Structures are given as structure tokens and as C-alpha cells.
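J.: Sequence first, predicted coordinates after that:
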Amino acid sequence: MKKTQFVNTLSPKDVINTTFMVKYIALRESRDGKHYLNIVLADSTGEIEARKWHGVEKIAEEVKVSDIVFVEGKVNQFQGRLQLIVNTINAVHPNEIVESDYIICADNPPDKMFEELLVIVDGLSDVYIKELLQSILSDVEIKRRLKLWPAGKTIHHPYKSGLLEHLLSCAKMATDLCPHYDVNPNYVIAGSILHDLCKIYELSDGPVVEYTEEGKLIGHLFKAAELIDRFGVRIKNFPHHIKVHLKHIVLSHHGSHEFGSSTLPQTAEALLVHHIDLLDSKMNSFKTVISNDMNCGHWSNYVKHLDRVIFKGELPTHTEYLTDDIHIEVKKTRIPDKKHQEMANKPKMASLLKNFKIEE
């Protein structure tokens, strides 16, 4: 079944007759006590919230998360964002669809990104750290997962090969920033690669990502420390102090106890890895919101994990000077001298009035 309409092309009043992947589906109760379906539908270009108001109980039993469904309905505009009102929704057999129509992928091919990462590792000067990273990245199962796994469920790089894209981006930033801050590049680059690598164990595979039991019970920070031990012990005479500093970097990379770090960054290298990770994740979050947000106009809907709305338009750029001058008149407020003096003597008004220029 050929997909004919994609999320990023939808507009209000569009009639829908196409397929989507179900990212979320739940039976809810409206204010009048009637049941309705709250659904999130997705394809390779983004997601759209959907509602079905009638005949929902049977559908709630038949349709589940990660199903490919054929949907008939109409696009509506609700509270400034697009919403799909569903008339009919039916599951489609997986053999009838093209997977790439429904899976969001990293911009670059994973094989290319992986080779770039290996080149960066090959340039390290510390023989032990270089061998440790080469050993980890040559592991067949780690390599397989790294080329496929997302970096998260929703917050940053939440798409196929997103984790590899994130680690490569961090390693590239580390390569550029270490000389600027005069810190040891071996540790910062290693930390940039290892800090999130164990999300391959924390998150599940497949089109709809969930946290694994190992992810919920242990988490990727402690798994990274375990990984350093597991591969470090295979290298003859691997220095204990190198393991200590690498473990410190991965265990502190969230930056504070509040966000899950067991310790705070206490070396310049650990602090830089924390900020590299934070910068890359936040910039990707902005990019994802700008690409996928279904709010109409230049402003996104409120983004909970960023605690803000985001401006989606392009910033103005002038490559040539404007030909006409623009004059803006600012009206000054005149306050009589005596009255001004009386008000200025009041502490609450003093700071306000100091900005007034009294015209003689």
C-alpha cells in the first residue's frame, strides 16, 4: 500500500486517506462521560495528534502501539495546532507497507558516521584510551546496535541512528574545543563517545522506543562505568587511574545530582564533556521541534522538556544596507521640577525616575 500523504504536508481542512504508524493510543473520557480515543499518529516526517469520537471501544481493543493503520478523516485546527479528526481507522498488514515511510532516520548514513567516529578515535595519542575505544567499537553487538539505536524516546535525537549521530557530533565538538580550553583531548573525546553509548542497553529496539528493565533499574551512566571495566580488563596493564577518570566523566556527565549524576564534574575534562553533551542535546531538541511542531505560525506549542515555546521562523539577515532610513521617535515624559523632586525623594520612585531626562 503506497503512502500518499505525509505529516509535514498537512494543512487545515485536508481530507485524509492514507497510512500512519500509531505512536500512542488511549481511551479517554470526555466531560459528558463519553469515551473517545486520544491517538498520536506518525510517519517519517513527524507526528500529529488525532481524535476519534465514535465507536471507539472496539478500536481500542484492536489497534495497538506500533501498528500501521489506514486512516480516513479530516485535519482540523485546535488551539493553534493541527489535529486529525478520525472517521475510520484500520490496521494494515506489515507486508503491505514500506518501512522507511514511517521511521525517522538520522540525516547521514550510519556506516558513514561510524567510519568518521573511528577516524577520530584513531587520532588519539593515549595508547590505552585509544585501544579501549577501538575494542568497544569493534564489538559486533555494540557496533550493530550503535548504528540503529536512537538517543532517546522523545527529548533529543529520538530517531533511528540518532545515538550514533549524537556521539559523533559530541566527538567532533570535543576535537575542536579541547585546544581552545587547553584540556586533555583523549579524555574529552573518550567521554564524548562513552557518556551515552550504553543507551543501547537502556532503550529498546523497534519503531516505538521504551525503557528496558536494565535501563530503569541501572541506567546508562552506571552501564558505561561497567563497560569501561569490562573492556579495560582485557588490555594488559591498563592503568587504574585512567579508568578512574573515565568513570568519573561518564558518571558525572549529567552535571548535577538533580539530573541523575552520582557525582559532580570535578575535572576540567568532565565539565567540558557535560557541556558538550548538554549543548548538542538542546540544539537537536530545538531542531526537532522546529521540524516537527504542528502549531500554526512562527511559534511552537509549549515544549515541556524545554519549558518554553520556540520561535520557528528564520532570523532576518541583510547582506546589503537598507536604502531608506527608519526613524523612531521616542516621546519624552516631562514632569514639573517640584513634583519630580517630591517623587524622587520616595525610594520606590527613585530608580524609575533616574532614567527620565527633564527638558529645560
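T.: Yep, that arrived.
J.: which residue ranges form the strands in this protein?
T.: 15-29, 35-43, 46-52, 68-78, 81-91 (DSSP state E).
J.: any idea of the mean pLDDT for the first one?
T.: To tie it back to what came earlier, the one meant is strand 15-29. The pLDDT scores in strand 15-29 average 92.
J.: Restrict it to CA atoms and write it as CSV.
T.: C-alpha atoms of strand 15-29 as CSV (Å, rounded to 0.1, in the frame of the first residue of the first chain):
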residue,chain,number,x,y,z
VAL,A,15,-9.1,15.2,3.7
ILE,A,16,-7.0,12.3,4.9
ASN,A,17,-6.9,8.9,3.2
THR,A,18,-3.5,7.3,4.0
THR,A,19,-1.5,5.2,6.4
PHE,A,20,0.3,6.2,9.6
MET,A,21,2.1,4.4,12.5
VAL,A,22,0.4,4.5,15.9
LYS,A,23,2.8,6.1,18.4
TYR,A,24,0.3,6.4,21.2
ILE,A,25,-3.4,5.3,21.7
ALA,A,26,-5.5,5.6,24.8
LEU,A,27,-9.2,5.5,25.7
ARG,A,28,-10.2,8.7,27.4
GLU,A,29,-13.5,10.1,28.9
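J.: what's in contact with it?
T.: Identification of contacts with strand 15-29 by C-beta atoms under 8 Å, 6 or more residues apart in numbering yields 1, 3-5, 7, 10, 35-43, 47-48, 56-57, 60, 63-75, 84, 92, 97, 101-102, 207-208. Every residue, glycine included, has its C-beta placed from N, CA and C.
J.: coming back round to it: quick one: which of the strands of the chain is nearest L246?
T.: Closest of these to L246 is strand 15-29, at 36.4 Å (criterion: C-beta to C-beta).
J.: Adding distance to I235 and mean neighbour count, write the strands of the chain out as CSV.
T.: Converted to CSV, these look like this (distance: least, C-beta to C-beta, whole Å; neighbours: other C-beta atoms under 10 Å):
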stretch, distance to I235, mean neighbour count
strand 15-29, 43, 17
strand 35-43, 43, 20
strand 46-52, 44, 20
strand 68-78, 46, 17
strand 81-91, 51, 17
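J.: Rebuild those as JSON lines, extending it with distance to L132.
T.: Formatted as JSON lines, those follow (distance: least, C-beta to C-beta, whole Å):
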{"stretch": "strand 15-29", "distance to L132": "38"}
{"stretch": "strand 35-43", "distance to L132": "38"}
{"stretch": "strand 46-52", "distance to L132": "39"}
{"stretch": "strand 68-78", "distance to L132": "42"}
{"stretch": "strand 81-91", "distance to L132": "47"}
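J.: Of all the ones you listed, which one comes closest to H156?
T.: strand 46-52 (15.6 Å).
J.: elements contacting that closest one?
T.: For strand 46-52, the packing partners by 3 or more C-beta pairs under 8 Å, 6 or more residues apart in numbering; DSSP states H and E come out as strand 35-43, strand 68-78, strand 81-91, helix 268-292.
J.: how near is H254 to G219?
T.: Using C-beta to C-beta, to the nearest Å, H254 is found at 10 Å from G219.
J.: Give the residues shared as contacts by the two.
T.: Contacts common to H254 and G219, judged by C-beta under 8 Å, 6+ apart, are G260.
J.: any weak-confidence spans in the stretch 251-360 of the chain?
T.: Along the stretch 251-360 of the chain, the parts satisfying pLDDT under 70 run over 325-360.
J.: just the helices in the stretch 201-350 of the chain please.
T.: 213-217, 220-232, 240-252, 268-292, 337-344, 347-353 (DSSP state H, counting those that start in this stretch).
J.: Make a markdown table from those helices and add distance to L117 and mean neighbour count to it.
T.: As requested, those are exported to a markdown table (distance: least, C-beta to C-beta, whole Å; neighbours: other C-beta under 10 Å):
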| stretch | distance to L117 | mean neighbour count |
| --- | --- | --- |
| helix 213-217 | 23 | 12 |
| helix 220-232 | 16 | 19 |
| helix 240-252 | 17 | 19 |
| helix 268-292 | 14 | 19 |
| helix 337-344 | 64 | 12 |
| helix 347-353 | 55 | 10 |
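J.: nearest to N301, of those helices?
T.: helix 268-292 (8.6 Å).
J.: Can you list the helices and strands that that closest one packs against?
T.: Contacts defined by 3+ C-beta pairs under 8 Å, 6+ apart place helix 268-292 against strand 46-52, helix 162-181, helix 185-194, helix 240-252.
J.: and the longest one, which residues are buried?
T.: The one in question is helix 162-181. For helix 162-181, the buried set under the neighbour-count rule, 16 or more other C-beta atoms under 10 Å, comprises 162-174, 177-178.
J.: circling back to that earlier point, with respect to T212, which of the strands of the chain lies nearest?
T.: It is, among those and with distance given as C-beta to C-beta, strand 15-29, at 18.6 Å.
J.: For I189, which of the helices of the stretch 201-350 of the chain is the nearest?
T.: Short answer: helix 268-292, nearest of the helices of the stretch 201-350 of the chain by C-beta to C-beta, at 9.1 Å.
J.: which residues are contacting that closest one?
T.: With C-beta under 8 Å, 6+ apart, helix 268-292 has contacts from 7-8, 45-47, 151, 155-158, 166, 169-170, 173-174, 177-178, 181, 183-184, 187-188, 191-192, 195-196, 245, 248-249, 252-255, 265, 300, 303, 305-306, 310, 312.
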